[in-house]
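> Coordinates for the following, if possible.
(2 chains)
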Number of protein chains: 2
Amino acid sequence: MTRPGGRSARVRDAVHDAVVELLAAGEIDAAIPKIAERAGVNPTSIYRRWGSRDALLIDAAVTRLRTTSPIPDTGSLRGDLLGWAEGVERAMRDRHGQILLRALVATLSPDEKPLEYLRARGDDLQAVLDKAEARGEPVPSVDEVLDFVLAPFYLRVLFRRPVEPGTAAQLVDRLLTAL
Amino acid sequence: MTRPGGRSARVRDAVHDAVVELLAAGEIDAAIPKIAERAGVNPTSIYRRWGSRDALLIDAAVTRLRTTSPIPDTGSLRGDLLGWAEGVERAMRDRHGQILLRALVATLSPDEKPLEYLRARGDDLQAVLDKAEARGEPVPSVDEVLDFVLAPFYLRVLFRRPVEPGTAAQLVDRLLTAL
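Here you go, the predicted model:
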């Protein structure tokens, strides 16, 4: 849908920036006209592309959280998982990252259809696990990676417990030891 | 502060019930006068006791989530943790439990002071671990119990992934194996 670097990508980035800035300023209920004004785009473009404020907020949060924790290709399962988890750790120690996670969770109303947010990350992680398996390494399931690594980070942020430096390595090693 | 069974406890229960019912009906923004009306109490009593709608909502969610997952005294660490985790599993498979967790997380604004929600549960769990240690069993830390057991449940509910029956036993055994 989006050509990287094209006008469409620039609009998306500007709109995502506006969402993050408004959230960071405490304007968690900012409606589309206000977001459009801040992004310097026409509200109609936002309605056409995202349909609703909630859909836009989820897209912005998922895109940004994903961008801040890319999965590297280091040649070992531990290296790949650690690189990713250190990105998650950075995002979860960062005020903007925390705000995005909280906004994401708060936006998901309980009766909506199951969320696809974790699917994209799950697909990224599955690719890492497939490579490790092809190298003959023992591998966990994606669900185990989410339980062991992502869930403890999110619990800390959502309940405002501190995310200590080194948490990523601790959680990844806990997972690999459990294999 | 509250004498169990006294008038104060009855008011608290009625007000908590009203909060849960309004949340379940989708009225997540219900203000104190509406909650008071539904509970059949004077709004002034609510303002005096809880101070704000958010404080009331957090108290209701914490109290109810704690009540639905009491920690038994079975004589073994696995038995105690499993009894507790099965209560969490029931609450997290229940629509009201899911709504309370979501409301709790959504109510915690990112810039408030660190939340004490997990502390009460942490104290309960510490008592279990102390008993097990006194019996000579190897014990995890409270943080490990939260990471291994609570965090995966909460991740599932907040991102609307299914909580499968048997999750409690799987997570508790994962924790005990890691010891």
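
> any chance you could read off phi and psi for A:P72?
Here is the backbone geometry of A:P72 (degrees, to the nearest 10): phi -80, psi 170.

> Now it. Nearest residue, chain neighbours left out?
In space, and not counting its chain neighbours, A:P72 is closest to A:G83: 3.8 Å by CB to CB, 6 or more residues apart in numbering or on different chains. Glycine gets a C-beta too; all of them are placed from N, C-alpha and C.

> Please verify my assumption that that neighbour contacts A:G75.
No - counting by CB atoms under 8 Å, A:G83 stays clear of A:G75, with 11.1 Å between them.

> higher neighbour count, the two?
Counted by other CB atoms under 10 Å in any protein chain shown, A:G83 and A:G75 do not tie: A:G83 has more neighbours, with 18 against 10.

> Report the contact partners of that one.
Contact partners of A:G83, counting by CB atoms under 8 Å, 6 or more residues apart in numbering or on different chains, are A:P70, A:I71, A:P72, A:T74.

> among the residues you listed, who's most crowded?
Highest neighbour count within those: A:I71, with 17 neighbours (other CB under 10 Å).

> Regarding it, what is its secondary structure?
coil (DSSP: H, G, I helix; E, B strand; the rest coil).

> For it, which non-adjacent residue is spatially closest?
A:W84 (4.4 Å).

> what do you get for A:R95?
Excluding the flanking residues, the one nearest A:R95 by CB to CB, 6+ apart is A:A24, at 7.1 Å.

> how about A:R160, phi and psi?
Note on A:R160: its backbone torsions stand at phi 50, psi 40 [degrees, to the nearest 10].

> how far away is A:V157 from B:L56?
Here the distance between A:V157 and B:L56 works out to 24 Å (CB to CB, to the nearest Å).

> Repeat that for A:L101.
From A:L101 to B:L56 the distance is 25 Å (CB to CB).

> again with A:F148
Remark: distance between A:F148 and B:L56 (CB to CB) = 35 Å.

> the more surrounded of those two?
The residue with more neighbours, out of A:F148 and B:L56, is A:F148; 26 against 22, by other CB under 10 Å.

> So for the helix or strand containing A:G97, mean pLDDT?
According to DSSP states H and E, A:G97 maps onto helix A:95-107. Helix A:95-107 carries an average pLDDT of 87.
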